[in-house]
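> I would like to see how this sequence folds:
(one chain, ligands or ions: 2)
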Amino acid sequence: MKTIIIATKNKGKVKEMEAAFDGLPIIVRALSEFGELPSAVESGQTFAENARIKAAFYARLTGMACLADDSGLEVDVLDKQPGIYSARFAGTHASDAENNNKLLNEMKKTGSSSSPARYKCVLAFFDVNGEILQSEGTCEGIIKIQPRGDNGFGYDPYFYVCGGQKSMAEISLAEKNVISHRGKAVKKMKKLLAEYLS
Ligand SMILES: O=P(O)(O)OP(=O)(O)OP(=O)(O)OC[C@H]1O[C@@H](n2cnc3c(O)ncnc32)[C@H](O)[C@@H]1O
Ligand SMILES: [Mg+2]
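Residues are numbered from 1 along each chain as shown. Ligands and ions are numbered 1, 2, ... in the order given. All right, here's what the predicted structure looks like:
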């Protein structure tokens, strides 16, 4: 059995990924088990760069194989913002509520009450021997300025799927994992890890 750390400080991501590798010869551990660790500096220009930076950073800190996620929201009427800055849209340590307020204000400035948008996710696995595996996923949707639902995290109450019928915060965790950017990236990563560990 190989131990892999889900190397994220985002509890929402942990919840979505903790059962993802069931069936593989893997023991999944959370970064929070290692106490208060410093945060990786997300200095990359792409989701992929930042995912690799985080995976390598936490693998070095813990001495164990790490799987990191870098993800975000691209809104077409906002010229694909907030993108890689999704977690810090309203400032360095912004909360989900502050980022959502900023999203609403920026949408209002454009005069649009909705816009095509997508979530993107890149997963990077970094083993202590230097092996890197990477996968990605995209989920198309619509940003609407009326929030709905309490599930999920981040921008989910404003991100509508199912042809605009339901927000990502109105569907269950299991349903989100089937259609989400992260769910798709996880499915691909599971295949890569199965091959790598065979
Ligand atoms: O870097 P780590 O520690 O993994 O945690 P983080 O929250 O800072 O993660 P990112 O740097 O990858 O920023 C991603 C942001 O994009 C948004 N986001 C990503 N996936 C999302 C999802 O499934 N639902 C809602 N918002 C999401 C949300 O605001 C996240 O904070
Ligand atoms: Mg981050």
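> center of this structure - which residue?
Averaging the C-alpha coordinates of the chain gives a centre point, and the residue nearest to it by CA atoms, centre = their mean is residue 71 (4.0 Å).
> mind showing which ranges of this protein have poor pLDDT?
For the chain, applying pLDDT under 70 flags no range at all.
> residues touching the residue in it that ligand 1 sits nearest to, list them.
Taking CB to the nearest ligand atom as the measure, the point where the chain comes nearest ligand 1 is residue 154, at 2.3 Å. (Each C-beta comes from the backbone N, C-alpha and C, glycine too.) With contacts taken as CB atoms under 8 Å, 6 or more residues apart in numbering, residue 154 has the following neighbours: 12, 73, 86, 96, 99.
> which residues pair with the second one across the strands?
Pointing back at residue 73 there. Legend: beta-bridge partners of residue 73 under DSSP bridges are residue 119.
> where do the helices sit along this structure?
Secondary structure of the chain (DSSP state H): helices at 11-17, 47-62, 96-110, 173-179, 181-197.
> Throw these into a markdown table and include mean neighbour count and distance to ligand 1, thanks.
Compiled in a markdown table, those are given as follows (neighbours: other CB atoms under 10 Å; distance: least, CB to the nearest ligand atom, whole Å):
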| stretch | mean neighbour count | distance to ligand 1 |
| --- | --- | --- |
| helix 11-17 | 17 | 6 |
| helix 47-62 | 21 | 6 |
| helix 96-110 | 15 | 6 |
| helix 173-179 | 15 | 7 |
| helix 181-197 | 18 | 6 |
